[in-house]
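S.K.: Sequence below, structure please.
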Amino acid sequence: MNIGEIARRAGVSRSTVSYALSGKRPVSAATVQRINDVIAELGYRPNASARALAEGRTRTLGLVVPPASRRLTDVQLGFVGSVVDAAAAHDLDVLLSPSGGDHDRSFERIVTGRRVDGVILMEILLEDPRVERLSQASLPFVTIGHVEHPGASWWVDVDYGALITRCVHHLADLGHEEVVLINRSAELVAAGYGPALRSATGFLEATAARGLTARTVCCADDAAAGLACFEQLRTQWPAVTAAVTINEAALPGVQRALHRAGLEVPRDFSLTGVIAERLAEDFHPPLTAADVPAVELGRLAVDLLLAQIADRGAEPRHALLEPPISLRSSTGARRRP
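M.R.: Numbering: from 1, shown residues only. Okay, the predicted model is just below:
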């Protein structure tokens with residue numbers, strides 16, 4: 001079944017059917033209804049390639065993800081899943097493309113290959129050359145995360161600095177006097193990874209404001225590193241009684257280290273941070289944390305990208321989310337000697 005048969009049965013031209021399907025030109029409501037009735041009767045589904053050609057679009061969004069050599073965290077997987085689901089709701093496909101390391105050519109193909117209508121970019125550095133490249137290419141894009149000076153770019157993000165600040169105040173209110181930030185890896189911090197640097201800034205400012213002794217440590221994104229990191233900080237700073245973290249991949253190792261040290265949470269040690277909800281719930285005991293709204297961020301990124309594609313002259317928009325801290329069972333009053 002094709003557009004010609006639909007046009008014949010509806011008593012209109014092929015171009016009228018095409019305009020009714022694509023919305024590129026106005027068609028009267030009565031005519032659209034007649035065409036839709038014929039389509040429903042025939043069970044017609046337009047060929048995706050033909051539809052894309054008629055609209056002058058690929059009906060595909062690009063999602064630039066970390067390279068496959070890096071295991072994606074729960075939050076990152078949440079971004080990917082929510083972007084794919086949100087795009088599917090608009091009858092759009094998603095093309096995944098790695099970026100970083102040896103994948104510069106893959107990213108460049110996304111930018112110049114005319115294979116996507118727009119791009120969603122994850123894992124943003126404060127100074128990110130990929131953002132500059134996309135700006136130069138005049139390709140619609142939205143970032144999950146934002147550069148230090150976002151200017152006229154479109155983006156969505158979590159306010160890591162504000163959330164870590166609230167975690168510190170929560171620990172201070174419980175009487176903790178020496179606390180540590182378990183950050184992401186030293187490589188990510190050195191590269192200028194936005195969440196890591198904004199978290200560190202928020203942590204140091206909040207601890208200074210509350211008169212706390214602040215310790216910071218970088219930790220690679222895996223359980224073994226989490227175990228080694230926690231054991232090292234306990235040796236180096238035995239007076240630390242609480243930790244704040246954004247490193248969800250290290251949490252299983254931190255949990256093993258706590259058990260190995262005979263520390264009961266929260267009686268002997270408190271732990272909080274900004275973490276994916278599933279991991280916070282699965283921690284033992286459940287982790288008091290600001291749950292990263294990955295599904296909402298992915299949906300917002302798709303919505304902003306589609307708005308930008310539909311109106312290239314629209315004013316840039318962004319969304320900075322600050323989810324509440326979910327009080328679970330991993331923080332408690334500092335145990336006095």
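S.K.: Quick check: next helix or strand after the helix or strand of the chain with the lowest mean pLDDT?
M.R.: Of all helical and strand segments in the chain, the minimum by mean pLDDT, DSSP states H and E falls on helix 48-55, at a mean of 51. Proceeding N to C from helix 48-55, the next assigned helix or strand is strand 60-65, under DSSP states H and E.
S.K.: Tell me the strands beside that following strand, with direction?
M.R.: strand 93-98 (parallel), strand 118-122 (parallel) (DSSP bridges).
S.K.: Tell me which of those strands sits most buried.
M.R.: Mean neighbour count (mean count of other C-beta atoms under 10 Å) peaks for strand 118-122 among the strands paired with strand 60-65, with a mean of 24. All C-beta spots, glycine's among them, are computed from the backbone N, C-alpha and C.
S.K.: Dump it to PDB, keeping only the CA atoms.
M.R.: The C-alpha atoms that make up strand 118-122 are tabulated as PDB, following Å, rounded to 0.1, in the frame of the first residue of the first chain:
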ATOM      1  CA  GLY A 118      20.700  16.800  16.200                       C
ATOM      2  CA  VAL A 119      23.100  15.600  18.900                       C
ATOM      3  CA  ILE A 120      22.900  15.000  22.700                       C
ATOM      4  CA  LEU A 121      26.300  15.100  24.300                       C
ATOM      5  CA  MET A 122      27.100  13.400  27.700                       C
END
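S.K.: how distant is that strand from the center of its chain?
M.R.: The chain centre lies 11 Å from the centre of strand 118-122; the measure is C-alpha atoms, centre = their mean, to the nearest Å.
S.K.: Would you map the helices across the stretch 51-200 of the chain?
M.R.: For the stretch 51-200 of the chain, the helices defined by DSSP state H, counting those that start in this stretch cover 74-89, 104-112, 129-137, 160-173, 186-191, 194-210.
S.K.: Quick one: neighbours of residue 105, just the number.
M.R.: 8 (other C-beta atoms under 10 Å).
S.K.: State the pLDDT value of the nearest residue to residue 269 once chain neighbours are set aside.
M.R.: The shortest distance from residue 269 to any non-neighbouring residue, by C-beta to C-beta, 6 or more residues apart in numbering, is to residue 263 (4.6 Å). pLDDT, residue 263: 96.
S.K.: same check, this time on residue 139
M.R.: For residue 139, pLDDT reads 93.
S.K.: hang on, the earlier thing: if we compare the strands paired with strand 60-65, which one ends up closest to residue 318?
M.R.: Distance to residue 318, taken as C-beta to C-beta, is lowest for strand 118-122 among those, at 13.5 Å.
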